[in-house]
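# whatever this is, show me its structure:
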Amino acid sequence: MNIQNKSFCIAVAGFGWWGRHIVNRLKLTDGIAVPVVIEPNETAHDQIRDAGPAPYTRFEDVLKRPDIDAVVLTTPNPLHEEQVRQCAAAGKHVFCEKPLGLTGESARRSVKACKEAGVTLGIGHERRFEPAMEALKAEIERGGLGKIMHAEAAFSHDKLIGVPSGDWRTSKSTCPAAGMTAMGIHLTDLLISFFGPVKTVQAMTADRSLGWETGDLVTVQLGFREGMTATLSAILHTPHFIRMHVFGTEKWVEARNDTHPDTPGGKVSYVESVTGMPLKETAFEWTDTVIHNLEAFRDACLGRRPYRVSHQEMIHNIEVLEAIAQSAEHRETIHLNS
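Numbers count the residues shown, from 1 in each chain. The predicted structure follows:
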């Protein structure tokens with residue numbers, strides 16, 4: 001599809017919490033237009049009109065519009081694979097909110113559909129675009145931490161505690177392993193980008209407060225093919241907490257975020273420690289990584305530069321998600337063929 005010489009127009013599918021956020025944030029940026037929103041719940045159509053786009057009920061009707069270059073999926077997890085494949089078949093670039101799928105095989109089918117159609121596939125892993133995470137990745141890659149030993153990662157909040165029991169977000173079949181599909185999957189994406197493929201997974205979930213079938217907390221131990229290890233946690237009922245801590249033989253680095261990626265303001269505290277030296281602390285200002293990710297997706301669609309997340313990383317992250325769900329369910333170590 002040749003879209004070099006016209007505005008880049010996207011349709012947003014889904015007008016829940018995250019769909020609304022994307023529509024509202026894109027109003028503040030140049031270069032991406034959102035003329036339509038797809039939402040089967042027609043009671044939300046007046047709110048969509050108030051936000052600016054035209055509401056559509058049927059996904060298929062929007063795919064027929066020649067002015068739509070790409071679709072951003074902010075729909076429930078079980079719909080992602082089929083909607084990615086529909087977009088690809090219609091020649092539309094597609095940006096899928098995480099997770100890309102719930103099984104590795106599902107993710108592979110989505111990637112295959114986009115590759116065969118020649119369309120770009122983006123993914124909602126905006127944390128890769130945080131300046132602190134970019135700095136940490138660069139420091140790891142240049143060898144500044146020495147040999148990597150271990151990482152600790154956490155992403156928790158209480159933004160979803162009002163979701164009623166029985167909603168798709170509370171089900172094991174649609175949101176496996178408690179907070180993995182909401183928060184934890186961002187951590188595994190970052191860790192994969194830092195360290196490469198995961199070899200072993202051990203996970204536990206529990207329901208401490210919310211009464212959700214899927215649980216409200218998950219803890220995970222990961223072993224990587226290169227030998228380092230990592231632990232991560234995601235808690236669905238506690239105040240905001242985001243942390244990434246990587247330990248090397250020469251240095252450790254810890255980053256803590258004041259705010260959620262959807263909340264303007266705040267800082268990221270970036271602390272570096274070397275034996276015998278005073279701690280070095282840098283404060284990174286909040287930046288709109290959701291928009292940065294969508295702009296990177298647009299640039300990839302336009303052929304300006306490759307997209308930051310590779311197809312193999314997208315697939316492997318879902319393989320890890322699937323292994324975490326299996327490990328938590330059966331209380332066993334899962335070995336990946338990565």
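# mind checking the SS state of V71?
Secondary structure assignment for V71 (DSSP: H, G, I helix; E, B strand; the rest coil): strand.
# hang on, it packs against V94?
Yes. Contact criterion Cβ atoms under 8 Å: V71 and V94 qualify, at 5.3 Å. For the C-beta atoms, the positions are set from N, CA and C on the backbone; glycine is no exception.
# more neighbours: these two, which one.
The neighbour count for V71 versus V94, taken as other Cβ atoms under 10 Å, is higher for V94 (29 against 26).
# shared neighbours of V71 and V94, anything?
Q83, C87 (Cβ atoms under 8 Å, 6 or more residues apart in numbering).
# isn't T229 right up against L222?
Yes. Using Cβ under 8 Å, T229 is in contact with L222, at 6.5 Å.
# higher neighbour count, those two?
More neighbours surround L222 than the other of T229 and L222, with 27 against 17 (other Cβ under 10 Å).
# can you count the residues close to T231?
T231: 16 surrounding residues under other Cβ under 10 Å.
# which residues sit against the host helix or strand of it?
Here T231, judged by DSSP states H and E, is contained in strand 229-235. Residues outside strand 229-235 that contact it (Cβ under 8 Å, 6+ apart): 149-156, 178-180, 182-184, 187-188, 191, 195, 216-224, 241.
# ok, and the closest non-adjacent residue to the residue nearest the centre of the chain?
With distances taken as Cα atoms, centre = their mean, H125 lies nearest the centre of the chain, 3.1 Å away. Nearest non-adjacent residue to H125, counting by Cβ to Cβ, 6 or more residues apart in numbering: D189, 4.6 Å away.
# how close does the one you found get to D46?
The gap separating D189 from D46 is 36 Å, by Cβ to Cβ, to the nearest Å.
# same drill for these two, tell me which one is more crowded.
D189 (25 against 10).
# elements contacting the host helix or strand of that one?
Per DSSP H and E, D189 falls inside helix 185-195. If you count contacts as 3 or more Cβ pairs under 8 Å, 6 or more residues apart in numbering; DSSP states H and E, helix 185-195 packs onto helix 131-141, strand 148-156, strand 198-206, strand 217-224, strand 229-235, strand 241-248, helix 311-330.
# may I see those organised as a markdown table, with mean pLDDT added?
Compiled in a markdown table, the helices and strands packed on helix 185-195 are given as follows (pLDDT from 0 to 100):
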| stretch | mean pLDDT |
| --- | --- |
| helix 131-141 | 99 |
| strand 148-156 | 99 |
| strand 198-206 | 99 |
| strand 217-224 | 99 |
| strand 229-235 | 99 |
| strand 241-248 | 99 |
| helix 311-330 | 99 |
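# among those, which is nearest W18?
Of all the helices and strands packed on helix 185-195, strand 148-156 sits nearest to W18, with 15.3 Å by Cβ to Cβ.
# kindly export the closest one (C-alpha atoms) in CSV.
Provided in CSV are the C-alpha atoms of strand 148-156 (Å, rounded to 0.1, in the frame of the first residue of the first chain):
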residue,chain,number,x,y,z
ILE,A,148,24.5,-9.7,33.7
MET,A,149,23.6,-11.7,36.8
HIS,A,150,19.9,-11.1,37.5
ALA,A,151,17.0,-8.7,37.1
GLU,A,152,14.0,-7.8,39.3
ALA,A,153,10.9,-6.3,37.7
ALA,A,154,7.5,-5.1,39.0
PHE,A,155,4.5,-3.5,37.5
SER,A,156,1.5,-3.1,39.8
